[in-house]
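J.: Output the structure for:
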Amino acid sequence: MLTVPHGVRIYLACGATDMRKAIDGLAAQTRSVLDRDPFAGHLFVFCNRRRNRLKILYWEESGGRGRSKADR
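T.: Now for the predicted structure:
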């Protein structure tokens with residue numbers, strides 16, 4: 001479970017995302033598709049075609065982080 005600080009926005013990427021992408025690939029997609037800065041401290045949520053997996057990209061002062069969740 002993530003605790004979201006006050007002022008942090010959550011952006012949902014529309015459409016399917018290739019879940020094989022790692023942090024760098026998701027950061028590039030954040031820049032090109034969402035037209036946002038992946039280092040701004042906001043949460044960026046991506047899902048796969050079947051909508052049963054999520055990946056969340058966020059940036060902390062110590063570096064980029066990614067989380068994934070699969071519905072089993």
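J.: so where do the helices sit in this structure?
T.: In chain order, the chain shows helices spanning 23-32, with DSSP state H as the criterion.
J.: any low-confidence regions in it?
T.: Where the chain drops to pLDDT under 70, the residues are 2, 63-72.
J.: swap the cut-off to 50 and go again
T.: Residues of the chain meeting the criterion pLDDT under 50: none.
J.: need the strands for it, in chain order.
T.: Under the criterion DSSP state E, strands of the chain are mapped to 10-12, 43-47, 53-60, 63-70.
J.: Not counting the second one itself, show me its contacts.
T.: Under the contact criterion Cβ atoms under 8 Å, 6 or more residues apart in numbering, strand 43-47 has outside partners 2, 4, 8-13, 16-17, 19, 21, 26, 29-30, 34, 36, 38, 53-58. The C-beta positions use only the backbone N, C-alpha and C, and glycine is treated the same way.
J.: Narrow these to those that are buried.
T.: The neighbour count (16 or more other Cβ atoms under 10 Å) marks 13, 17, 19, 21, 26, 29-30, 34, 38, 54-58 as buried among those.
J.: would you turn the residues you listed into CSV with distance to residue 48?
T.: Converted to CSV, these look like this (distance: Cβ to Cβ, whole Å):
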residue, distance to residue 48
13, 11
17, 6
19, 5
21, 11
26, 13
29, 13
30, 17
34, 17
38, 19
54, 8
55, 9
56, 13
57, 14
58, 19
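J.: Assess the claim that residue 39 and residue 58 are in contact.
T.: No - using Cβ atoms under 8 Å, residue 39 is not in contact with residue 58, being 9.9 Å away.
J.: Grab the nearest non-local neighbour of residue 49.
T.: Take residue 49 and drop its neighbours on the chain: the residue closest to it by Cβ to Cβ, 6 or more residues apart in numbering is residue 16, 3.9 Å away.
J.: List the residues that contact the one you found.
T.: Contacts of residue 16 (Cβ under 8 Å, 6+ apart): 47, 48, 49.
J.: Check the gap between residue 45 and residue 57 for me.
T.: Counting by Cβ to Cβ, to the nearest Å, the gap from residue 45 to residue 57 is 8 Å.
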